[in-house]
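Enquirer: structure for the following, please:
(one chain, ligands or ions: 1)
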Amino acid sequence: MINKFIDFIKIYCKSGNGGSGLIHFRREKFIHKGGPDGGDGGKGGNVIIKGNNQLYTISHLKYKKHNIAENGKNGGINRITGSNGKDCIIEVPIGTLIKDEYKNIIMEILNHNEKKILLYGGKGGKGNWHFKNAICQAPFYSEKGKIVKEFCFFLELKILADVGIIGFPNSGKSTLISIITSSKPKISNYPFTTLNPNIGILNYKKFKKLVIADIPGIIKGASKGKGLGFKFIKHIQRNRIILIMISCEEKNYIKEYNIILNELNYFDPNILKKKRLLLISKSDYLDNELKYEIIKKLKKNEKYIFISSFSKEGLDELINYLCNII
Ligand SMILES: Nc1nc2c(ncn2[C@@H]2O[C@H](COP(=O)(O)OP(=O)(O)OP(=O)(O)O)[C@@H](O)[C@H]2O)c(=O)[nH]1
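Expert: Numbering: from 1, shown residues only. So this is what the prediction gives:
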């Protein structure tokens, strides 16, 4: 379980300066006026963003806000080029957006091991042997390496979970995720225990792996900024399946369900085009008669499952449903 979930962070990056070219003249026994032989400076290291599918948050960058690549080395004698500076590689989860200081998107990482250069290292300067010509046989001049500036960027993570669970606080989302995945979220009988998305991995028959995210914060008026507002709802945009969880303890499930659909529609109508499944949770409180009462009120083509994380009712059906779709 990832406790310190961070989905937005400011980082400072600087690629390496280029190494300077050298001013030097060949000095050897029996060679008179050997001529210029100062080598070129090496190139500064790049700052590179790399996708890593083992990462699910950008919290690791909280303590590494300054990302600095190595400078190129200066040129050497005998026309030896200085070595290039080492790149600085920033590993990020799949689904990370990189924005400039004005918050414009400049790149996005969507694949494992995908590498994109955020800042190029400075060019190395030319050594003095480049400047020898018919007029000037002994140039006392070489180029300086290019000095690069530091820039700030914003990294924003939109979780690429296959499945998103949404529902009102206390409906049982965290408990479900702790039962069907390896995640161990904080669970208590108070609304809003979950203040950050919990992410769990569901391993299915050793060959399939589903990433499930419990997206907190949906309440009536979330779309107008109430509660946690839209802080996390944006993550749903990238889920392939949406599970909408309503506790059977609610007096008016249909009303609650419609509130959630309206909030999602207000945020982004495309979310409602995704595959979705209604989970009626805490079904251990229900007998067949009460279940029938609920089913009667649902729309005819509404896909639903009664689930209980306590009695385990419906959990196998849910897992099979998810794994067969994805
Ligand atoms: N009877 C019953 N209680 C459950 C079940 N699942 C969860 N609960 C209880 O319901 C309460 C809320 O559960 P959570 O999993 O924290 O609910 P949540 O939707 O994640 O809540 P927030 O973190 O506030 O968004 C806890 O006291 C759980 O023990 C269930 O299947 N049956």
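Enquirer: surely Asn78 and Asp37 touch.
Expert: Yes - under the criterion of CB atoms under 8 Å, Asn78 makes contact with Asp37 at 5.5 Å. Placement of C-beta: from N, CA and C, glycine included.
Enquirer: who has more neighbours, the two?
Expert: Remark: of Asn78 and Asp37, Asp37 carries more neighbours, 21 against 12, as counted by other CB atoms under 10 Å.
Enquirer: that one touches Ile77, doesn't it?
Expert: Yes - the criterion here is CB under 8 Å, and Asp37 meets it with Ile77 at 6.1 Å.
Enquirer: for this structure, which helix is longest?
Expert: helix 253-267 (DSSP state H).
Enquirer: listing partners with orientation, what would you give for the helix or strand just after that helix?
Expert: Using DSSP states H and E, the next helix or strand after helix 253-267 towards the C-terminus is strand 275-281. Strand 275-281 has its sheet partners listed here by DSSP bridges as strand 241-247 (parallel), strand 304-306 (parallel).
Enquirer: what's around Ile179, how many residues?
Expert: 16.
Enquirer: who's in contact with the residue lying closest to it once chain neighbours are set aside?
Expert: Among residues not flanking Ile179 along the chain, Ser309 sits closest, at 4.7 Å (CB to CB, 6 or more residues apart in numbering). Contacts for Ser309 (CB atoms under 8 Å, 6 or more residues apart in numbering) come out as 172, 175-176, 178-179, 281, 315.
Enquirer: cool, Asn46 as well?
Expert: By CB under 8 Å, 6+ apart, Asn46 lies in contact with 15-16, 69, 87-88, 117-121.
Enquirer: what about 10 Å?
Expert: 13, 15-16, 69, 84-89, 115-121 (CB atoms under 10 Å, 6 or more residues apart in numbering).
Enquirer: now narrow those residues to whatever sits close to the ligand.
Expert: Among those, not one lies near the ligand by CB under 6 Å from any ligand atom.
Enquirer: which PyMOL command selects the buried ones in these?
Expert: Listed next is the PyMOL selection for buried residues among the contacts of Asn46, using 16 or more other CB atoms under 10 Å:
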select buried, resi 13+15+16+69+84+85+87+88+118+119+120+121
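Enquirer: so which of the contacts of Asn46 belong to helices?
Expert: If you go by DSSP H, these have nothing in helices.
Enquirer: among the contacts of Asn46, name the ones in strands.
Expert: Of the positions in those, 13, 88-89, 115-119 sit in strands, assigned by DSSP state E.
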